[in-house]
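Q: When you get a sec, could you give me coordinates for this:
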Amino acid sequence: MALYLTIDQGNTAAKLALWKDDRLLDLRIEPKLTVATVESFTSGFGVADAAIYCSVATPGNEIVEGIRHLARKVCRLTNSTPLPIAIDYRTPCTLGTDRIASAVGAWASYPGRKMLVVDAGTAVTYDVVSADGHFKGGNIAPGMRMRLDALHRFTKRLPLVEVPRELKYDTFMGYDTSSAMILGAIYGIVGAISYYRARLGDDTLVVMTGGWANQLSGLCDFSIVVEPDLASKGLNRILLYNENK
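A: Sure thing, here's the model as predicted:
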């Protein structure tokens, strides 16, 4: 059985995962990714058969080069990496690798289903994967923090509102300025998910990931599958696909 290391570098943190074939062994979230943090995470597991690095933030050359002693083969996910799904995006060179990884993770978990893949993080992405494994395209919108910051920054009197850690509201309409801004941000995302699903059809499986997935998914009036480690799962599936070719 092979040992795989996946590194998903997001805008605010990195997610490190170790896999024994397709079984998750360990996972850690690091606010600051360094070679030392990867060494610490993999300590005790031995040298991995392969490692893959995916980033929306930086090229990560120092990480890729710095961990070559931790895996027999190290690669960076790019738009030219062989994938188990087809990319129909007109400009694949501009497609975020995090979106690719999540799409692969969703398709690997639910093959044969048409899916709307939603990643609710710093930004929110809404991507469509067909039942036969084609990435059809998607949209990008501001996330919770960006929406609230923009309302403060581009108006004269709206305050800077902190994003609540838990979305505990017994109404969908604001009762003061802060709640009006927060609920506007929340239901802007919830409404978008509902709209895209309605356009795609009720047979569309909605798969959601990202830091806000658990809380936002509960506000939709239809079933949503929440996969917290979707991108990591997709990265591992890409390694498996390339190792077994």
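Q: Going by C-alpha atoms from here, please, whenever you check contacts or count neighbours.
A: OK.
Q: taking the mean pLDDT, what do you get for the longest helix along the chain?
A: Assignment by DSSP state H gives helix 177-200 as the longest helix of the chain. What helix 177-200 shows for mean pLDDT is 96.
Q: can you pull the alpha-carbon coordinates of the very next helix or strand once past that helix into CSV?
A: Next along the chain after helix 177-200, taking DSSP states H and E as the criterion, comes strand 205-209. Provided in CSV are the C-alpha atoms of strand 205-209 (Å, rounded to 0.1, in the frame of the first residue of the first chain):
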residue,chain,number,x,y,z
LEU,A,205,-26.1,16.9,-6.1
VAL,A,206,-24.8,19.9,-4.1
VAL,A,207,-21.4,19.1,-2.6
MET,A,208,-20.1,21.8,-0.2
THR,A,209,-16.7,22.4,1.4
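Q: Skip ahead from strand 205-209 and say which helix or strand is next.
A: Taking DSSP H and E, what comes next after strand 205-209 is helix 213-217.
Q: and the helix or strand that comes right after that next one, what other elements does it pack with?
A: Using DSSP H and E, the helix or strand that follows helix 213-217 in sequence is strand 225-226. For strand 225-226, the contact count by 3 or more C-alpha pairs under 8 Å, 6 or more residues apart in numbering; DSSP states H and E identifies strand 205-209, helix 213-217 as packing neighbours.
Q: What residues of the last one count as buried?
A: Residues of helix 213-217 classed as buried under the neighbour-count rule (16 or more other C-alpha atoms under 10 Å) are 213-214, 216-217.
Q: model confidence over it, on average?
A: Helix 213-217 comes out at a mean pLDDT of 92.
Q: change the start of the numbering to 348 and stick with it
A: OK, 348 is where the count begins now, so the last one is helix 560-564.
Q: where along this protein do the helices fall?
A: Assignment of helices within the chain using DSSP H yields the ranges 382-389, 408-413, 444-456, 491-500, 524-547, 560-564, 577-590.
Q: what's the angle from the third one to helix 577-590?
A: Between the axes of helix 444-456 and helix 577-590, defined by axes from the mean of the first three to the mean of the last three C-alpha atoms, to 10 degrees, the angle is 80 degrees.
Q: what does helix 444-456 rub up against?
A: 355, 357, 401-403, 424-426, 430-432, 460, 462, 464, 472, 474, 476, 480, 482, 554, 577-582, 584-585 (C-alpha atoms under 8 Å, 6 or more residues apart in numbering).
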